[in-house]
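Chemist: this is a predicted model, with the sequence first.
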Amino acid sequence: MEANGQYANSKPCHKNEKHGCGCREDVPEVMHRPYVQTGYRRIDQPLYYYVKSVFQRNNEAGNFWTHFLPFLYFAQRYIRMYFIYGNVPYALPFYAHGIGTCYLLLCSSFAHMLSARSKTSCQCAFAIDFAAIYTYGVGMKVPLEFYLCPTQHYWDVSSSVALTIFAVYCACALAASFYASENSWKSAIALSIGLYVVGTAILYGSCMLRYFISDAGFTSVEPMDTYHVSQAVGHHLSLHFFEQLLYLTIGLVFQASNIPERFSSRTFDIFGNSHQFFHLATAMAMYAQSLMLELVVIEIKGKYHGGHFLNDELISMSLGETIGQFLLSIVLTHFVVYLYWLYLRKGEKPKTS
C-alpha cells in the first residue's frame, strides 16, 4: 500500500512512549490497518500489557470498547429475559441468538485486545473472530428456522438436519476464508461474507423474501403460515428486519470505504475511525434482531399453556435442536481454527538466540 503512494503525503509518525505505542513500520504487516499510521502497540509483551492497553490511547482501544460495551448490554439483557421467560421450549431459539450475539461480541473484543502480541497471535485472534461470526450466523438461523422460516416449507428436510447442514457449511466456508487469507485478509473477509450470504440465501432466501416483503406490503403475495404471529406483530417484524439490513449496510460502507480516516491522516487513528463505526452499526443490527425475535417470543407465549402449545401445528423445540445446534457450530468452526493454528505454527520460523 505504501508503494502505491497511499501514505506518501502523510504527516511523519511520532511514537507515543508514554503508552508504549509506535508506528505502522514497527509491527508486522498483518497488523497494519488501512490509513492508520499511529497507535500500534508493541509486540512480544507480557499479557498484562495488552490487558492494560485497552484503558490507554492506541488504535485498538476504541475497537475493543465498541464491542465490549455492547457485550455487557446484551449479556444483561438476555439474562433478564431468561428470568422473565424461564426455561420454556418456545424461548430456546431466542436464547440461542442471545448466546451467539454475546459470544461474537466477546470474541471480537478479545481479538482486538490480544492481536498485537505477535504475528501468529494476530492471525489466530482474528481467526477466532471469524469463527465467532459464523457461529453467530448459526445462532441467528436457529430462531429464524423455528420462528419464521421452517426449512420444510421449501426443502424436504427437518429443522435439525437443515441447521446441521448450515453448521457444516459454515465450517467449510471458514476454512475457505483462511485459505484466501494467504493472499490478503481483505480477500478472506470478502469471501467470508459472500459464502455466508450464499448459504443463507439457499436455505432461507425465498422464505425471508416472501415473509418480510409481503408482510411489509411490498408485494401482493400472502405471508406464509409459520409461527402464526398477528398482522400487527408481523408488520413490526418486517420493520425490524429492514432496520437491521440498514444498520448492516451502513457498517459495511464504513468498513469498505475506510471513511473518515482516508481523508485526514492520523486524525482518526485512535478514535472515530471506520472500524469503530462498523462495530457500532453491527451492534445496532444485533439489537434490531433481538427486538424482532422478542416480539415473536411474546406472541408465542400467549399460545403456550400448561407445558404445551394450544396450536398443535407449531413445531416442537428441544434443547438439542436449538442450543445444541449452536454448540455444534462452535465445535466445528473452532476445530477449523485449531487446524489453522497448527498450520501457522508449522510455518513459523524458529527463534534464534
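Modeler: In hand now; what should we look at? Numbering: from 1, shown residues only.
Chemist: tell me the secondary structure for the closest residue to Tyr90 other than its chain neighbours?
Modeler: For Tyr90, ignoring the flanking residues on the chain, the nearest one in space by Cβ to Cβ, 6 or more residues apart in numbering is Ile300 at 4.6 Å. Where you see a C-beta, it was placed from the backbone N, CA and C, and this is true even at glycine. In three-state terms, and counting by DSSP: H, G, I helix; E, B strand; the rest coil, Ile300 is helix.
Chemist: how about the helices of the stretch 201-350 of the chain, start to end?
Modeler: Taking DSSP state H, counting those that start in this stretch as the criterion, the stretch 201-350 of the chain carries its helices at 206-208, 214-215, 231-257, 274-301, 323-347.
Chemist: for Tyr48, find the nearest of the ones you listed.
Modeler: Counting by Cβ to Cβ, Tyr48 lies closest to helix 323-347 out of those; the figure is 23.0 Å.
Chemist: what packs against the closest one?
Modeler: Identification of packing neighbours for helix 323-347 by 3 or more Cβ pairs under 8 Å, 6 or more residues apart in numbering; DSSP states H and E yields helix 92-114, helix 119-143, helix 159-180.
Chemist: who does the second one touch, helix- and strand-wise?
Modeler: Under the contact criterion of 3+ Cβ pairs under 8 Å, 6+ apart, helix 119-143 touches helix 92-114, helix 159-180, helix 185-200, helix 274-301, helix 323-347.
Chemist: ok, now the first one?
Modeler: Packing partners of helix 92-114 (3+ Cβ pairs under 8 Å, 6+ apart): helix 47-53, helix 61-85, helix 119-143, helix 274-301, helix 323-347.
Chemist: let me know the angle separating the fourth one from helix 119-143.
Modeler: The one in question is helix 274-301. Per axes from the mean of the first three to the mean of the last three Cα atoms, to 10 degrees, the angle that helix 274-301 makes with helix 119-143 is 30 degrees.
Chemist: from Phe263, how far out is Gln276?
Modeler: Going from Gln276 to Phe263 by Cβ to Cβ, to the nearest Å gives 16 Å.
Chemist: again, but for Ile99
Modeler: Distance from Ile99 to Phe263, by Cβ to Cβ: 39 Å.
Chemist: more crowded one of those two?
Modeler: For Ile99 versus Phe263, the count of surrounding residues by other Cβ atoms under 10 Å is larger for Ile99: 21 against 10.
Chemist: circling back to that earlier point, distance to Ser160, mean neighbour count and mean pLDDT for the helices and strands packed on helix 92-114 - can I get that in CSV?
Modeler: As requested, those are exported to CSV (distance: least, Cβ to Cβ, whole Å; neighbours: other Cβ atoms under 10 Å; pLDDT from 0 to 100):
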stretch, distance to Ser160, mean neighbour count, mean pLDDT
helix 47-53, 40, 15, 94
helix 61-85, 22, 17, 96
helix 119-143, 11, 23, 88
helix 274-301, 19, 21, 91
helix 323-347, 7, 17, 88
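Chemist: right, and those - which one's nearest Cys170?
Modeler: Set against Cys170 and scored by Cβ to Cβ, those come closest in helix 119-143, at 4.0 Å.
Chemist: how far off helix 92-114 does that closest one point, in degrees?
Modeler: Using the same axes, to 10 degrees: helix 119-143 against helix 92-114 is 170 degrees.
Chemist: just give the number of residues close to Pro28.
Modeler: Here the neighbour count serves as a burial measure; for Pro28 (other Cβ under 10 Å) it reads 14.
Chemist: can you give me phi and psi for it?
Modeler: The main-chain torsion angles of Pro28 are listed as degrees, to the nearest 10 and equal phi -60, psi 150.
Chemist: dump the helices and strands packed on helix 323-347 into a markdown table; add distance to Met317 as well.
Modeler: Supplementary listing: the helices and strands packed on helix 323-347 in a markdown table, determined by distance: least, Cβ to Cβ, whole Å:
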| stretch | distance to Met317 |
| --- | --- |
| helix 92-114 | 5 |
| helix 119-143 | 9 |
| helix 159-180 | 9 |
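Chemist: indicate which one of those helices is closest to Ala281.
Modeler: Between Ala281 and these, the tightest spacing by Cβ to Cβ is seen for helix 92-114, at 13.2 Å.
Chemist: for the record, mean pLDDT for that closest one?
Modeler: Across helix 92-114, pLDDT averages out at 94.
Chemist: CA atoms of it as CSV?
Modeler: Coordinates of each C-alpha in helix 92-114 appear next as CSV, following Å, rounded to 0.1, in the frame of the first residue of the first chain:
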residue,chain,number,x,y,z
LEU,A,92,-34.8,-21.6,23.4
PRO,A,93,-34.3,-20.2,19.9
PHE,A,94,-34.3,-16.7,21.4
TYR,A,95,-31.6,-17.8,23.9
ALA,A,96,-29.5,-19.3,21.1
HIS,A,97,-29.5,-16.0,19.4
GLY,A,98,-28.5,-14.3,22.6
ILE,A,99,-25.6,-16.7,23.2
GLY,A,100,-24.4,-16.2,19.7
THR,A,101,-24.6,-12.4,20.0
CYS,A,102,-22.7,-12.3,23.2
TYR,A,103,-20.1,-14.8,22.0
LEU,A,104,-19.4,-12.8,18.9
LEU,A,105,-19.1,-9.5,20.7
LEU,A,106,-16.8,-11.1,23.3
CYS,A,107,-14.5,-12.8,20.8
SER,A,108,-14.3,-9.6,18.8
SER,A,109,-13.4,-7.6,21.9
PHE,A,110,-10.6,-10.0,23.0
ALA,A,111,-9.3,-10.4,19.4
HIS,A,112,-8.7,-6.6,19.4
MET,A,113,-7.2,-6.7,22.8
LEU,A,114,-4.7,-9.6,22.2
